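In: no letters, just coordinates:
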């Protein structure tokens with residue numbers, strides 16, 4: 001009893017990434033923790049002793065981490081065979097949780113570290129995905145802990161990796177939120193079932209017919225496809241635009257000190273050339289333009305709202321030339337290093353209790369914006385704009401000052417923007433005088449507009465938003481006469497809008513509820529990597545032929561599959577699960593039933609999409625070059641080089657897989673497989689790569705039990721084949 005009473009209790013603490021676990025350990029242990037490597041090789045374990053705030057007792061702390069999700073959802077093995085499973089079965093077949101990264105052995109590692117622990121503190125990222133990982137961790141350690149209930153499981157809520165935030169989180173531990181976790185489970189299952197069913201069907205259908213699709217997967221995604229739909233919709237607008245000619249009357253005048261001014265025609269433009277010429281005649285002979293009125297008004301350019309994830313991605317793309325996914329990976333790195341707060345947030349307003357002055361104070365010694373910080377502290381911070389406080393995390397905020405030379409180029413660019421944006425939110429609005437001078441030249445009115453800054457406000461730090469000095473105009477008074485120097489009629493044409501930029505696309509996705517702040521960059525990256533769009537100059541997204549035909553095909557069969565309304569409605573249901581206002585099972589079953597009916601309708605109407613593919617792509621029979629003989633008909637099969645690389649027999653109308661790695665294929669001495677009479681092929685991946693001989697038929701259809709698809713001749717157990725393991729093998733491994 002004496003021993004039981006005084007044995008020290010153990011607390012396991014789990015963060016989302018190894019670097020995060022190291023930072024939190026350093027803060028909570030005052031840099032006095034023992035370090036050891038975890039048995040899985042990827043995670044470390046830090047140990048120290050200290051007081052445990054919820055109970056007040058001295059305990060032994062053990063801090064480690066996961067590497068993202070512990071588990072992922074998938075179909076059981078037999079349902080992953082594309083040839084034997086009808087895609088419609090995927091809407092109702094069982095699913096199972098598998099280790100997200102099997103080689104990390106994460107469940108076993110967590111269970112081993114949790115052995116004998118009395119409490120667990122979850123330091124996962126404070127968003128829906130983080131809550132989901134919390135429950136994956138709890139499942140992994142359930143059998144190892146002494147007890148697991150509301151009195152032994154704690155959740156740390158934090159928004160930045162600063163001493164102040166981490167210590168505060170440790171002193172105010174809460175509970176993990178199962179509703180948020182369930183909403184992630186629902187999204188994962190819906191995306192898996194819906195995405196796989198449509199992807200498998202359309203990939204097999206179209207790759208079996210066309211040879212130049214140049215995509216290894218014709219994928220469908222409940223968020224990915226509406227994202228592509230926005231890009232194709234803009235492409236269609238551009239293609240259907242009919243330019244319309246119009247004419248503009250341009251007049252240039254000189255002031256008394258010979259400064260040239262270009263006036264704007266009050267009518268703006270004229271779509272009838274004869275009428276435009278008539279206006280030109282009334283002005284052409286004039287030598288002077290008379291100022292008939294001058295009005296000056298004080299105006300303000302509003303400072304920005306506090307920075308959230310969507311705005312960060314928008315500006316990174318349009319202003320810094322970074323793709324959304326790349327920008328978020330840099331922001332994540334800055335967060336893990338403790339330089340900024342958590343970069344995934346929907347909030348655009350700081351809580352009233354947030355110490356804005358302290359953040360400005362931290363930055364006052366920086367050589368780039370230190371003087372501006374000192375001015376703000378001396379004059380007082382301006383009241384922030386009213387935004388949206390989502391209650392998840394504060395807006396993205398700098399947490400530690402760092403010099404330009406301490407970060408690499410792109411990382412500094414993003415950090416620089418985050419700091420300047422923050423300082424802009426606590427600065428005053430930009431104030432300027434707008435002067436509008438109206439002039440008469442003959443019978444026509446012309447306008448001259450100018451802006452003169454009176455108080456730069458936030459544009460002093462957010463210099464890219466400053467009003468340029470060139471926008472100011474000289475002092476003009478009513479009755480002044482200016483010498484007319486040039487009068488001309490310029491013919492122009494109406495032009496279509498440009499292709500969507502990544503920034504435009506992010507705005508549309510947010511507006512229609514397609515994706516979350518965490519998944520938006522992933523969907524944009526997917527439509528580019530899958531050859532549906534290319535990123536052109538100015539980070540404009542231009543759809544490829546494959547992307548255009550796919551979207552037009554969906555619109556022809558069932559517009560709901562590509563329009564954002566359906567996914568927006570599903571996202572709202574998932575949010576209700578997260579808030580505890582909707583039942584997990586009912587949302588899941590209803591949504592799957594709706595998409596199953598849509599899938600069956602899509603399958604029936606696939607010929608409508610196929611007609612569009614026929615116009616844009618070449619059939620397999622017309623693609624590729626003669627390569628090797630088919631073992632069934634003895635005629636030449638064609639090697640189709642476009643993704644996915646494959647052999648196609650036009651006579652038998654059958655397709656055979658080949659290795660997809662970069663490498664060269666050639667006939668292997670015109671030798672044949674003794675099993676099926678197909679000519680053998682030699683694959684070479686170069687001097688440093690793997691080379692092997694394979695039979696095209698056996699590569700796609702393993703001839704013996706235990707051989708997997710994609711096996712080469714050296715793993716074939718044929719008893720007499722000269723290329724098999726029985727002839728070439730040296731000894732058992």
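Out: That came through, no problem. Here the structure is a predicted model, which is why all the values come from computation and not from measurement.
In: flag every buried residue along stretch 49-69.
Out: By 16 or more other C-beta atoms under 10 Å, the buried positions in stretch 49-69 come out as 50, 52, 59, 60, 61, 62, 63, 64, 65, 66, 68, 69. Glycine gets a C-beta too; all of them are placed from N, C-alpha and C.
In: now those as CSV including pLDDT?
Out: Listed next are those as CSV, based on pLDDT from 0 to 100:
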residue, pLDDT
50, 94
52, 94
59, 94
60, 95
61, 95
62, 95
63, 96
64, 95
65, 94
66, 94
68, 89
69, 93
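In: tell me which of the residues you listed fall in helices.
Out: Among the buried residues of stretch 49-69, no member falls in helices (DSSP state H).
In: looking at those, which is nearest residue 100?
Out: residue 69 (4.4 Å; C-beta to C-beta).
In: ok, the spatially closest residue to that closest one that is not a sequence neighbour - contacts?
Out: In this structure, residue 69 finds its nearest non-sequential neighbour in residue 100, 4.4 Å apart by C-beta to C-beta, 6 or more residues apart in numbering. Residue 100 makes contact with 68, 69, 70, 71, 72, 106 under the criterion C-beta atoms under 8 Å, 6 or more residues apart in numbering.
In: not counting sequence-adjacent ones, nearest residue to residue 727?
Out: Closest to residue 727 by C-beta to C-beta, 6+ apart is residue 721, at 6.6 Å.
In: what about this structure, any weak spots by pLDDT?
Out: Along the chain, the parts satisfying pLDDT under 70 run over 1-6, 392, 730-733.
In: ok, the residue nearest to the spatial centre of it to residue 220 distance?
Out: Centroid-nearest residue in the chain: residue 521, 0.7 Å away (criterion: C-alpha atoms, centre = their mean). Separation of residue 521 from residue 220 (C-beta to C-beta, to the nearest Å) stands at 19 Å.
In: residue 307 too?
Out: 34 Å.
In: so which elements touch the helix ranked longest in the chain?
Out: Ranked by number of residues, the top helix in the chain under DSSP H is helix 178-207. Other elements packing on helix 178-207 under the criterion 3 or more C-beta pairs under 8 Å, 6 or more residues apart in numbering; DSSP states H and E are strand 71-74, helix 128-141, helix 564-578, helix 584-604, helix 606-616.
In: those: which one's closest to residue 511?
Out: Using C-beta to C-beta, those put helix 564-578 closest to residue 511, at 8.6 Å.
In: check which residues of the closest one are buried.
Out: Under 16+ other C-beta under 10 Å, the buried positions of helix 564-578 are 564, 566, 567, 570, 571, 573, 574, 575, 577, 578.
In: let me know the closest of the residues you listed to residue 594.
Out: Of all these, residue 594 sits closest to residue 566, with 8.3 Å by C-beta to C-beta.
In: ok, now which ones touch residue 526?
Out: 219, 221, 224, 227.
In: what's the answer for residue 698, then?
Out: Applying C-beta under 8 Å, 6+ apart, the residues near residue 698 are 673, 675, 676, 678, 707, 711, 713, 716.
In: distance check, it against residue 711.
Out: For residue 698, the distance to residue 711 - C-beta to C-beta - is 7 Å.
In: is it fair to say residue 448 lies in a helix?
Out: No. Read with DSSP: H, G, I helix; E, B strand; the rest coil, residue 448 is strand and lies in no helix.
In: is it in contact with residue 439, as I believe?
Out: Yes. Between residue 448 and residue 439 there is a contact under C-beta atoms under 8 Å: 6.9 Å.
In: identify the contacts common to these two.
Out: Shared contacts of residue 448 and residue 439 (C-beta under 8 Å, 6+ apart): residue 263.
In: which of those two has more neighbours?
Out: residue 439 (26 against 21; other C-beta atoms under 10 Å).
In: the more buried one in helix, strand or coil?
Out: Using three-state DSSP, the structure places residue 439 in strand.
In: that one bridge partners, please.
Out: residue 291, residue 446 (DSSP bridges).
In: now it: how far from residue 276?
Out: Taking C-beta to C-beta, one finds residue 439 at 19 Å from residue 276.
In: quick one on the thing from earlier: out of the helices and strands packed on helix 178-207, which gets nearest to residue 413?
Out: helix 128-141 (26.8 Å).
In: how much space between the residue lying closest to residue 39 once chain neighbours are set aside and residue 29?
Out: Residue nearest to residue 39 in three dimensions, not counting chain neighbours: residue 109, with 6.2 Å by C-beta to C-beta, 6+ apart. Distance from residue 109 to residue 29, counting by C-beta to C-beta: 21 Å.
In: looking at the two, which is more packed in?
Out: Per other C-beta under 10 Å, whichever of residue 109 and residue 29 has more neighbours is residue 109, with 21 against 17.
In: shouldn't residue 197 be in contact with residue 86?
Out: No. Counting by C-beta under 8 Å, residue 197 stays clear of residue 86, with 9.3 Å between them.
In: and these two? which has more neighbours close in?
Out: A direct count of neighbours by other C-beta under 10 Å for residue 197 and residue 86 places residue 197 higher, at 23 against 10.
In: can you pull the contacts of that one?
Out: Here residue 197 is in contact with 87, 88, 90, 91, 595, 599 (C-beta under 8 Å, 6+ apart).
In: pull the contacting residues for residue 188.
Out: Taking C-beta under 8 Å, 6+ apart as the test, what residue 188 contacts is 72, 73.
In: what's the answer for residue 127, then?
Out: Counted by C-beta under 8 Å, 6+ apart, residue 127 has contacts 342, 344, 392, 393, 518.
In: tell me the spacing between the closest residue to residue 602 other than its chain neighbours and residue 563.
Out: Excluding the flanking residues, the one nearest residue 602 by C-beta to C-beta, 6+ apart is residue 557, at 5.6 Å. Per C-beta to C-beta, residue 557 is found 12 Å from residue 563.
In: any idea how far residue 432 is from residue 455?
Out: In terms of C-beta to C-beta, residue 432 sits 8 Å off from residue 455.
In: over to residue 164?
Out: In terms of C-beta to C-beta, residue 164 sits 34 Å off from residue 455.
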